[in-house]
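A.B. asks: Quick check, what structure comes out for this input:
(one chain, ligands or ions: 1)
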Amino acid sequence: MDTRREFLEKSTITTASTLVSGVAFAQQAAPHAAPNKDWYDRPMRWLQLAFVEDDPGNYDPKFWLDYFKRCHADAACISAGGCVAFYPTKVPFHYRSKYLGDRDIFGDMVKGCRELGMNIIARTDPHALHQDMVDAHPEFVAVEADGQPRRHWADPTLWVSCALGPYNFLAMTDITIEIMKNYMVDGIFSNRWSGSGMCYCKSCQTLFRDYCGKELPRTNNPQDPARRAYMSWRENRLFDLWRLWDTEIKKINPHAAFLANAGGGALSNLDMTTIGNLAPTLFADRQARHGLMPPWAAGKNAKEYAATLGNKAIAGITSVGIEEAYRWKDSVQNGDEIRLWIADGVAHNLRPWVVKFNAKPIDKRWMPVVEKFYGWHYRNQKYLRNEKSLAEVAIVYSQQTAAYYGGPQASAKVENPALGYYQALVEARVPFDMVHDLLLEPENIDRYKVLILPNIAALSDRQCKQLSDYVARGGSLIATQETSLYDEWGVRRKDFGLAGLFGVSFDGKIDTQVHNSYLTIEKNPADGTYHTLVRGLENATRIINGVTWIHVKTTEPQKYSPLTLVPTYPDLPMEEVFARVPHTDIPGVYVRERGKGRVVYFPFDLDRTFWEVLSTDHGAVLKNAVAWASRGQQPLTVAGRGLIDVGLWAQKDSITVHLVNLTNPMAMKGPIRELVPSPPQKIRVRIPRGKTVKSVKFLVNPAAPQHTLSNGILEASVPGFELNEALAIDLA
Ligand SMILES: [Zn+2]
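C.D. replies: You can find the predicted model right below:
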């Protein structure tokens with residue numbers, strides 16, 4: 001059987017020339033000179049204007065160009081075509097805005113932005129079709145499982161397109177070529193290009209049958225062979241489309257690219273390592289908080305993208321509106337919420353990108369907020385062009401675990417454990433990155449002292465070997481729950497792939513929904529001391545357990561476990577609430593020395609339960625595990641009260657310490673009401689060996705920092721701050 005990686009690398013390359021329908025374009029010269037090459041790393045601040053159909057003739061381009069200039073924006077994304085064309089298109093049935101007349105509002109903005117020296121990319125959106133296109137090409141429409149063509153869910157006058165068939169491969173290719181030829185933009189950014197739900201059209205049926213001989217699946221179960229084949233086929237098909245559009249774009253402007261709206265963390269469904277290779281730059285499209293999302297989610301996007309894009313520039317798209325299921329697209333969030341989202345992204349190396357839908361703004365309160373933040377960013381950009389993260393801890397994320405082990409429950413089974421460990425590290429102020437599980441080569445992971453595997457259940461033999469080798473080279477691992485108990489296709493193994501590292505083997509049983517179970521805090525019987533793992537819990541006697549318990553057998557002796565199980569007992573009636581077995585020697589954690597490396601394995605859902613319950617005791621154990629596994633101080637420590645998200649970055653001749661103030665009564669439920677100033681903090685930063693400190697300054701507070709330097713550690717006091725503070729350390 002192919003490994004998952006081989007599947008991803010297999011691709012049915014189709015040449016564009018056989019596909020493009022060959023619309024004759026006016027061969028006029030582009031209105032402006034072709035942009036310079038290697039532009040992808042240049043833009044530091046993006047603004048996006050997403051037109052609505054009645055913008056032509058009704059909005060003021062000068063209003064926006066003046067705003068772009070005041071914001072020091074150096075790149076723009078402007079709507080061009082797809083669902084609605086905002087330029088005089090000649091592609092048959094490419095729907096022109098009925099307000100367009102003989103105008104070219106896209107072209108006007110291209111010209112204006114070029115005059116400001118900005119890079120410019122065109123936005124297309126292929127997901128919705130107008131009636132005349134559908135009348136001419138019924139085969140462009142996505143089809144439901146019952147054979148009915150799919151109406152648009154939000155606008156019933158429109159139809160939903162099939163992303164994997166002739167509409168994208170033919171018509172959208174023509175539109176892409178036309179935009180490139182007419183405007184020579186720096187790239188085409190396509191929104192909702194990858195489909196809107198499963199499609200059962202004739203093209204999908206035929207292509208899928210040709211691919212694997214099977215009929216399209218009618219289940220979401222990733223263990224169904226047809227479903228599994230479909231997941232690979234769809235992914236390959238979309239990457240073929242990506243390569244097709246990119247090839248056609250580069251034929252016209254070799255310095256331009258197809259820039260997909262794609263990517264994300266474990267729950268995203270296109271392989272991030274392929275995306276990391278294809279994309280010269282990328283935009284993290286998580287526009288604001290919603291539901292119970294904490295404000296650090298913007299930074300998490302940054303870390304997930306950086307895991308496979310490395311040093312390529314990544315912009316973080318922020319909407320000025322409210323991002324909830326009800327889609328109030330003309331709304332405006334309060335300014336503090338907007339700037340907190342942007343600031344957290346910037347602290348983790350996102351370049352800010354603000355999007356406004358509708359060029360006739362109703363509520364303009366967001367405009368001075370973004371202008372002020374962009375002004376700060378512009379003045380300090382030397383310290384925000386980050387080259388290297390100095391974090392020594394990383395959380396691993398695994399798309400294959402989400403797809404094949406998590407399936408329809410991926411959010412609960414795969415994402416929630418990661419969110420729990422993420423929250424614990426933010427609370428502990430540990431600088432950390434994220435790592436993609438298909439990139440476990442030494443050059444990607446050896447700069448970390450500790451890798452955290454939050455229920456990374458599905459790992460191949462090769463990945464397990466890579467992790468074992470990492471530990472043999474001196475790295476440390478922290479793993480929870482079912483980590484490595486399944487292969488890369490989500491099929492359960494007899495034993496953990498990492499059994500040798502954990503020093504345990506699977507005992508064949510998993511208890512779920514365990515109520516009223518506890519963990520006893522144990523002393524080392526040899527000397528009466530407590531392990532680092534339970535630091536701060538010495539007086540607790542017992543702490544709460546998780547709710548999923550993996551039965552394991554110890555395969556090598558452990559002197560003692562710092563935590564032991566108190567099995568579940570009745571929680572009602574109250575007369576019956578007493579432990580039937582008050583103490584066992586069943587370990588709640590396995591701590592192992594492995595040469596220079598250390599391994600911590602929790603046979604339960606500590607991280608997931610922390611995300612659900614947020615018990616400070618669980619937070620302490622998660623944090624202590626990192627402290628023990630990393631053998632010593634983090635390169636940055638921040639002492640003081642409150643919830644502060646930290647980032648630590650190096651530029652060529654400087655270091656930037658980022659502090660983002662998340663201390664807020666609304667921290668775990670947005671949008672926030674107001675920013676509450678952070679109490680003062682004390683920073684300790686390790687200065688890289690061989691470097692000396694030239695000067696130190698704050699990037700927000702105008703005062704000079706009080707600081708001392710000894711033994712390669714710089715200590716600085718940070719006075720209270722409202723939104724964010726950054727300490728810039730110039731080195732020589
Ligand atoms: Zn289809």
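A.B. asks: From the chain's centroid, how far away is stretch 167-174?
C.D. replies: When C-alpha coordinates are averaged (Cα atoms, centre = their mean, to the nearest Å), stretch 167-174 and its chain have centres 29 Å apart.
A.B. asks: near the ion at all, that stretch?
C.D. replies: No. Figure legend: stretch 167-174 not in contact with the ion (Cβ under 5 Å from the ion); closest approach 8.7 Å. C-beta: built from backbone N, CA, C; applies to glycine.
A.B. asks: and that stretch, average pLDDT?
C.D. replies: When pLDDT is averaged over stretch 167-174, the result is 98.
A.B. asks: Next, the distance between the ends of it.
C.D. replies: The separation between the terminal residues of stretch 167-174, taken as Cα to Cα, to the nearest Å, is 10 Å.
A.B. asks: right, and D605 touches A457 too?
C.D. replies: No. Look at D605 against A457 with Cβ atoms under 8 Å: they stay out of range, at 11.4 Å.
A.B. asks: For those two, list the residues in contact with both.
C.D. replies: A shared contact of D605 and A457, defined by Cβ atoms under 8 Å, 6 or more residues apart in numbering, is any residue touching both; here these are Q481.
A.B. asks: Which residue ranges of the stretch 151-300 of the chain form helices?
C.D. replies: Listed in chain order, the helices of the stretch 151-300 of the chain (DSSP state H, counting those that start in this stretch) span residues 166, 173-183, 202-212, 225-252, 272-278, 297-309.
A.B. asks: Now do the contacts for the residue nearest the centre of the chain.
C.D. replies: When Cα atoms, centre = their mean is applied to the chain, the residue found nearest the centroid is N301 (2.9 Å). Residues in contact with N301, defined by Cβ under 8 Å, 6+ apart, are G264, G265, A284, R286, G316, G345, L350.
A.B. asks: Inside strands: which ones of those residues?
C.D. replies: The strands in this structure, assigned by DSSP state E, contain A284, G316 from the contacts of N301.
A.B. asks: Look over the contacts of N301 and name the one with the lowest pLDDT score.
C.D. replies: Least confident by pLDDT among the contacts of N301: that is R286, with 87.
A.B. asks: Out of the helices of the stretch 151-300 of the chain, indicate the one that is most buried.
C.D. replies: Between those, the one whose residues have the most neighbours on average, counting mean count of other Cβ atoms under 10 Å, is helix 297-309 (a mean of 25).
A.B. asks: quick one on the thing from earlier: N349 versus the residue nearest to the centre of the chain, what's the distance?
C.D. replies: As defined by Cβ to Cβ, to the nearest Å, N301 lies at a distance of 11 Å from N349.
A.B. asks: Now that C204 has come up, it's in contact with A163, right?
C.D. replies: No. With contact defined as Cβ under 8 Å, C204 and A163 do not form a contacting pair (9.5 Å).
A.B. asks: Might you name the residue of the stretch 301-450 of the chain sitting closest to the ion?
C.D. replies: The stretch 301-450 of the chain approaches the ion most closely through A403 (20.5 Å), counting by Cβ to the ion.
A.B. asks: For the protein, what lies in contact range of the ion?
C.D. replies: Counting by Cβ under 5 Å from the ion, the residues of the chain lying close to the ion are C162, G165, C199, C201, C204.
A.B. asks: make it 8 Å
C.D. replies: Where the chain comes near the ion, counting by Cβ under 8 Å from the ion, the residues are 142-143, 162-165, 199-205.
A.B. asks: Closest one to K694 out of those residues, please.
C.D. replies: Checking the residues of the chain next to the ion against K694 by Cβ to Cβ gives A163 as the nearest, at 52.8 Å.
A.B. asks: what's the burial count for the closest residue to that closest one other than its chain neighbours?
C.D. replies: For A163, the nearest residue in space outside its immediate sequence neighbours is G195; the separation is 3.4 Å by Cβ to Cβ, 6 or more residues apart in numbering. Residues lying near G195 (other Cβ atoms under 10 Å) number 22.
A.B. asks: H255 now?
C.D. replies: H255 has 17 neighbouring residues, counting by other Cβ under 10 Å.
A.B. asks: L572 too?
C.D. replies: The tally of other residues near L572 (other Cβ under 10 Å) stands at 9.
A.B. asks: Tell me the pLDDT of it.
C.D. replies: The predicted local distance difference test score for L572 is 95.
A.B. asks: Please spell out which residue in the chain sits farthest from the middle.
C.D. replies: What lies farthest from the middle of the chain is E575; by Cα atoms, centre = their mean that is 48.3 Å.
A.B. asks: Quick check: the gap between C83 and A667.
C.D. replies: C83 is 37 Å from A667, where distance means Cβ to Cβ.
A.B. asks: Quick check on these two: which one has the bigger neighbour count.
C.D. replies: The residue with the greater number of neighbours, taking C83 and A667 and applying other Cβ under 10 Å, is C83; the counts read 22 against 18.
A.B. asks: close enough to count as contact, that one and H94?
C.D. replies: No. Contact between C83 and H94 fails when scored by Cβ under 8 Å: they sit 9.6 Å apart.
A.B. asks: Name the nearest residue to E144, ignoring sequence neighbours.
C.D. replies: In this structure, E144 finds its nearest non-sequential neighbour in R150, 5.5 Å apart by Cβ to Cβ, 6+ apart.
A.B. asks: got it, and E139?
C.D. replies: P166 (5.9 Å).
A.B. asks: I'd say that neighbour and S203 touch.
C.D. replies: Yes. Using Cβ under 8 Å as the test, P166 is close enough to S203 to be in contact (6.2 Å).
A.B. asks: hey, what's in contact with both of these two?
C.D. replies: Taking Cβ under 8 Å, 6+ apart as the contact rule, P166 and S203 both touch E139.
A.B. asks: Contact partners for G299?
C.D. replies: Shown here is G299, whose contacts under the criterion Cβ under 8 Å, 6+ apart are D344, G345, A347, H348, L350, D645, G647, V660.
A.B. asks: ok, so what distance separates the fifth one from R286?
C.D. replies: Read that as L350. From L350 to R286 the distance is 10 Å (Cβ to Cβ).
A.B. asks: who's more crowded, these two?
C.D. replies: Between L350 and R286, counting by other Cβ under 10 Å, L350 is the more crowded of the two (28 against 23).
A.B. asks: how far away is the more buried one from S268?
C.D. replies: Taking Cβ to Cβ as the measure, L350 falls 16 Å from S268.
A.B. asks: Just the mean pLDDT for the helix or strand where A394 lies, thanks.
C.D. replies: Under the criterion of DSSP states H and E, A394 resides in strand 393-397. Taken as a whole, strand 393-397 carries a mean pLDDT of 98.
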